[in-house]
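S.K.: pasted the sequence and its predicted model underneath.
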Amino acid sequence: MTKMKRIGVFTSGGDAPGMNAAIRAVVRAGIFYKKEIIGIYRGYEGMIEGDFVPMEVRSVSNILQRGGTMLKSARSKEFLTKEGRTKAFEQLKKMKIDGLIGIGGDGSFAGMHHLYLEHKMPYVCIPGTIDNDIPGTDFTIGYDTATNTAVNAIDKIRDTALSHNRLFFIEVMGRDSGYIAINSGIAGGAVAIIIPEEETSIEELIEKLDASGSQNKTSSLVIVAEGGKSGSAMEIAKKVQERFSYFDTKVTILGHLQRGGTPTYFDRVLASKMGVAAIEGLEAGQTDVMVGIVHKEVIFNKFDEIMSQPKDIHKDDLRIAKILSI
Ligand SMILES: Nc1ncnc2c1ncn2[C@@H]1O[C@H](COP(=O)(O)OP(=O)(O)OP(=O)(O)O)[C@@H](O)[C@H]1O
Ligand SMILES: O=P(O)(O)OC[C@H]1O[C@](O)(CO)[C@@H](O)[C@@H]1O
Ligand SMILES: [Mg+2]
């Protein structure tokens, strides 16, 4: 057992629905285990500036069901430098914070790892990102909500696509990860799904669209993950339109719509479990780790062990999407 007294909690990187539920779980579990919990505003930016707030049991009332993050989030250029991280550490020391729980994506995890290597600041990372791009956990907080949002939007677009016999290219988020694309594509009945993890040439796509056209398909939805090698939805749509002028082609970019909104029950439960696990892990001496839930079991993943491997799209998901889009 550690003698940790004061734990800092912060959110970093893109906000994700369920981050508030994770903050609540960290604060309540921390207080349950007799720790003082200090909230750090605006991720690493606030850490560098010493933007801290003591958290009480009631500081986190009525946030469980809210999207976004009450602690706010940021991407910090300064924290990418050694000097920036030293400034952040000095602020933590001044506030007598002896352990950190950070909720964020792969970049935020890397930030905590560097702070640990350079200043021995113990930490547990909670994976909070809509991208689901971190190995060592089946799901990251926010991914389920974002994918549901994308599916709802796809369903609406299908109605108008069908009414006008149109070909829609719908771009979903995910930075370099095709998770939202592949699963919203399966759930939304897409004719083709273009993800960064798999090369799809324009020729292949055109062949696919041709084939579905000849089978009397009256509307077609193509889901494009941002960050793919074939280009953005706009670029792909332009190339397809040039080859097939008879297609009435439209593009919708779902964008930040996918980051907001009420977290699903799944993300709230995931965040609650991970928040408690992070406090218990830190108390049990876990450090330089990310909490994950794999096959319903809580695990602690060492930074070096998981961050050297990519999180692959499940091959079976791709296979299923192809079978069903004929
Ligand atoms: N290699 C690194 N070393 C130190 N700090 C880092 C590193 N990578 C990222 N960070 C810090 O973490 C912040 C958040 O990282 P990033 O913007 O990649 O988002 P993320 O945590 O991956 O979340 P998401 O991908 O969901 O937006 C960065 O702005 C930076 O301050
Ligand atoms: O909100 P920003 O800074 O534009 O970042 C957008 C990125 O953040 C995410 O929403 C979460 O990582 C990505 O899917 C997307 O590429
Ligand atoms: Mg990331």
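M.R.: Yes, it's here. Ligands and ions are numbered 1, 2, ... in the order given.
S.K.: drop to CA atoms for contacts and neighbour counts, all remaining ones
M.R.: Fine.
S.K.: any figure for the gap between the closest residue to G261 other than its chain neighbours and S219?
M.R.: Computed as CA to CA, 6 or more residues apart in numbering, the closest residue to G261 that is not its neighbour in sequence is G67, at 4.9 Å. The spacing between G67 and S219, counted by CA to CA, to the nearest Å, is 33 Å.
S.K.: lowest confidence element among the helices and strands of the chain?
M.R.: For the chain, counting by mean pLDDT, DSSP states H and E, helix 202-214 ranks last in confidence among helices and strands (a mean of 83).
S.K.: ok, residues contacting the helix ranked longest in the chain?
M.R.: With DSSP state H applied, the helix covering the greatest number of residues in the chain is identified as helix 143-164. Here helix 143-164 makes contact (CA atoms under 8 Å, 6 or more residues apart in numbering) with 16-17, 129-132, 167-168, 170, 172, 180, 183-185, 187-188, 218-221, 254, 257-264, 266-267.
S.K.: how about the strands in the chain?
M.R.: If DSSP state E is used as the criterion, the strands of the chain fall at 6-11, 36-40, 52-55, 99-104, 123-127, 167-172, 192-194, 220-225, 249-253, 289-294, 297-302.
S.K.: among these, single out whichever gets nearest to ligand 2.
M.R.: When the strands of the chain are compared for distance to ligand 2 using CA to the nearest ligand atom, the nearest one is strand 167-172, at 8.0 Å.
S.K.: how far off centre is that closest one?
M.R.: Chain-centre distance of strand 167-172: 20 Å, with CA atoms, centre = their mean, to the nearest Å.
S.K.: and what of stretch 41-60?
M.R.: Averaged C-alpha coordinates place stretch 41-60 at 21 Å from its chain's average position (CA atoms, centre = their mean).
S.K.: confidence score at D248?
M.R.: Residue-level confidence at D248 comes out at 86, pLDDT.
S.K.: just name the most buried of the strands of the chain.
M.R.: Of all the strands of the chain, strand 123-127 carries the top mean neighbour count, a mean of 30, counting by mean count of other CA atoms under 10 Å.
S.K.: mind telling me which residue of the stretch 201-326 of the chain is nearest ligand 1?
M.R.: Residue nearest to ligand 1 within the stretch 201-326 of the chain (CA to the nearest ligand atom): R259, separated by 9.4 Å.
S.K.: I'd assumed G13 was in contact with that residue.
M.R.: No: taking contact to mean CA atoms under 8 Å, the distance of 11.7 Å between R259 and G13 leaves them out of contact.
S.K.: ok, those two, which is more surrounded?
M.R.: The neighbour count for R259 versus G13, taken as other CA atoms under 10 Å, is higher for R259 (26 against 22).
S.K.: quick one: contacts for V26?
M.R.: Contacts of V26 were listed using CA under 8 Å, 6+ apart, and they are V9, G275, V276, A278, I279.
S.K.: out of these, who's the most crowded?
M.R.: The most crowded member of those, judged by other CA under 10 Å, is A278 (32 neighbours).
S.K.: who are the contact partners of that residue?
M.R.: V26, I101, V124, C125, I126, V291.
S.K.: run the last query once more with 7 Å
M.R.: Shown in contact with A278 (CA atoms under 7 Å, 6 or more residues apart in numbering): V124, V291.
S.K.: wait, isn't M47 in contact with K87?
M.R.: No: using CA atoms under 7 Å, M47 is not in contact with K87, being 8.3 Å away.
S.K.: the more surrounded of those two?
M.R.: When M47 is set against K87 and neighbours are counted by other CA under 10 Å, the residue ahead is M47, at 24 against 17.
S.K.: leaving out the residues flanking it, which one is nearest to that one?
M.R.: Nearest residue to M47 in three dimensions, chain neighbours excluded: A88, at 5.2 Å (CA to CA, 6+ apart).
S.K.: and the one you found, how many residues sit next to it?
M.R.: 22.
S.K.: tell me the domain ranges of the chain?
M.R.: The chain breaks down by automatic domain parsing into domains covering 6-142+263-307, 145-259.
S.K.: and the longest one, is it in reach of ligand 2?
M.R.: Yes: if you take CA under 6 Å from any ligand atom as the test, domain 6-142+263-307 does meet ligand 2, through G14, T129, I130, D131.
S.K.: swap in the shortest one?
M.R.: Yes: using CA under 6 Å from any ligand atom, domain 145-259 comes into contact with ligand 2 via M173, G174, R175.
S.K.: endpoints of that domain, how far apart?
M.R.: End-to-end distance of domain 145-259: 8 Å, with CA to CA as the criterion.
S.K.: got it, and the first one?
M.R.: End-to-end span of domain 6-142+263-307 (CA to CA): 28 Å.
S.K.: so how far is N132 from G13?
M.R.: The spacing between G13 and N132, counted by CA to CA, is 13 Å.
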